[in-house]
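In: A predicted structure for the sequence below; I have some questions about it.
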Amino acid sequence: MSSAAERQLNDADLNELAVLIKTWGRELGFQQVGITDTDLETHERYHERWLANGYHGEMHFMAKHGRKRTRPAELVPGTIRVISVRMDYLPPEVETTKVLGQPERAYISRYAVGRDYHKVIRKRLAQLAKLIEDEVGQFGYRAFVDSAPVMERALAQKAGLGWFGKNSMLLNPQAGSLFFLGELYTNLPLPVDQPFEAEHCGSCSSCQTACPTGAIVDDKVVDSRRCISYLTIELPGSIPEQYREAIGNRVYGCDDCQLVCPFTRFTRVSDEGDFAPRHDLDRIDLITLFGWSREEFLAKTEGSPIRRIGYERWLRNLAVGLGNAPWSTEVEAALRARLAYPSDLVREHVRWALARQTEKRQRMIAKG
């Protein structure tokens, strides 16, 4: 078959192809597909101000690639269009706010309780690209799923998939924000969709009020250094003490600003089996997880996004969760069992947690 470039697709061909791409995308399990150009000038200025304020913390990769993040054609030469997709991820019957109210249990961000979304969506994007290739011949493309310097939310907004909420998440009026995004950069001159210009947050500030650490410092501005998702996933070192109590039982990520959003009530549960919780990670208790050996951690997080933080950070986060849990002899014993763990990072957080548990025990004794 000849390449798309050789065929010189006309406007009618491209319009028909865009319709097919959206149909194929839905058949592959994406809830929405949009197409945009590569002009991110407005978002580039916002991103550069965000970096200048240091809001990226130790996520040096956010600045590492310069303007390749905001200029798609510099990342993938020849790119003139981006096909943006979204996929809902909340499994049916998964527990959410209930677990946050049970401090002896571990709260793991609901996107991470199942299989690694990178693998799921990348595979579907590859299938979409193959369908396009079967239709028009070889064409230039590259697939991304939160795996390279890509302004995925900005591109999705321009492709008509949603608007930016006050928590900087992309919101969709029929789906809230509990969905993944993915992109196909391409050299096909496809017709573009209208950007999602309307913003429906109005005077609502639920997300800002609900943030446990006050990380949403302005409209659509998050200071990552205060965000629990950053502190428990991206931060490699010690979690600042001023945020540990506020972290509560959130041991991998945080969904609070999404769960309180009024548009979350429109979230549609996903029938993707890969996103179903594994090993009861949507409701498991802190002590059980803290007792996992390194081998158990590696085995039970195989194919999971959780594995990327490594065993030490996992124990660090769980120690904080146990320090915030109600006092019990079991919690105290679990922490004491890790006092000699061969990691300064883990031992520091275990000592902090034990001090918290000791205070709680002494208060209980004083009350009689």
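Out: Cool, the structure landed. Because the structure is a prediction, the values reported are computed rather than measured.
In: hang on, Asp146 packs against His118?
Out: Yes. In terms of C-beta atoms under 8 Å, Asp146 counts as a neighbour of His118; the distance is 6.5 Å. No exception for glycine: its C-beta is placed from N, CA and C like everyone else's.
In: pLDDT below threshold where in the stretch 1-150 of the chain?
Out: Within the stretch 1-150 of the chain, the stretches falling below the threshold (pLDDT under 70) are 1-7.
In: tell me where it has helices.
Out: In the stretch 1-150 of the chain, the helices defined using DSSP state H, counting those that start in this stretch lie at 4-7, 11-27, 41-52, 61-64, 72-75, 97-100, 117-136.
In: can you lay out those helices as a markdown table showing mean neighbour count and distance to Glu152?
Out: Rendered in a markdown table, the data for the helices of the stretch 1-150 of the chain read as follows (neighbours: other C-beta atoms under 10 Å; distance: least, C-beta to C-beta, whole Å):
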| stretch | mean neighbour count | distance to Glu152 |
| --- | --- | --- |
| helix 4-7 | 15 | 25 |
| helix 11-27 | 15 | 16 |
| helix 41-52 | 14 | 11 |
| helix 61-64 | 14 | 13 |
| helix 72-75 | 19 | 11 |
| helix 97-100 | 15 | 27 |
| helix 117-136 | 18 | 11 |
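In: out of these, flag the one nearest Thr264.
Out: Counting by C-beta to C-beta, Thr264 lies closest to helix 97-100 out of these; the figure is 10.2 Å.
In: helices and strands around that closest one, which ones?
Out: With contacts defined as 3 or more C-beta pairs under 8 Å, 6 or more residues apart in numbering; DSSP states H and E, helix 97-100 has no packing partner among the helices and strands.
In: excluding chain neighbours, what is closest to the residue nearest the centre of the chain?
Out: Residue closest to the mean C-alpha point of the chain, counted by C-alpha atoms, centre = their mean, is Tyr111 at 6.7 Å. By the measure of C-beta to C-beta, 6 or more residues apart in numbering, the closest residue to Tyr111 outside its immediate chain neighbours is Tyr89, 5.4 Å from it.
In: burial of that neighbour, as a residue count?
Out: Using other C-beta atoms under 10 Å, the number of residues around Tyr89 comes to 23.
In: list the contacts of it.
Out: Taking C-beta atoms under 8 Å, 6 or more residues apart in numbering as the contact definition, Tyr89 lies against 110-111, 114, 117, 178-180, 270, 272, 275.
In: ok, now Tyr141?
Out: Taking C-beta under 8 Å, 6+ apart, we find Tyr141 in contact with 129, 132, 184-188.
In: buried residues in stretch 232-245?
Out: Within stretch 232-245, the residues scored as buried using 16 or more other C-beta atoms under 10 Å are 232-235, 239, 243-244.
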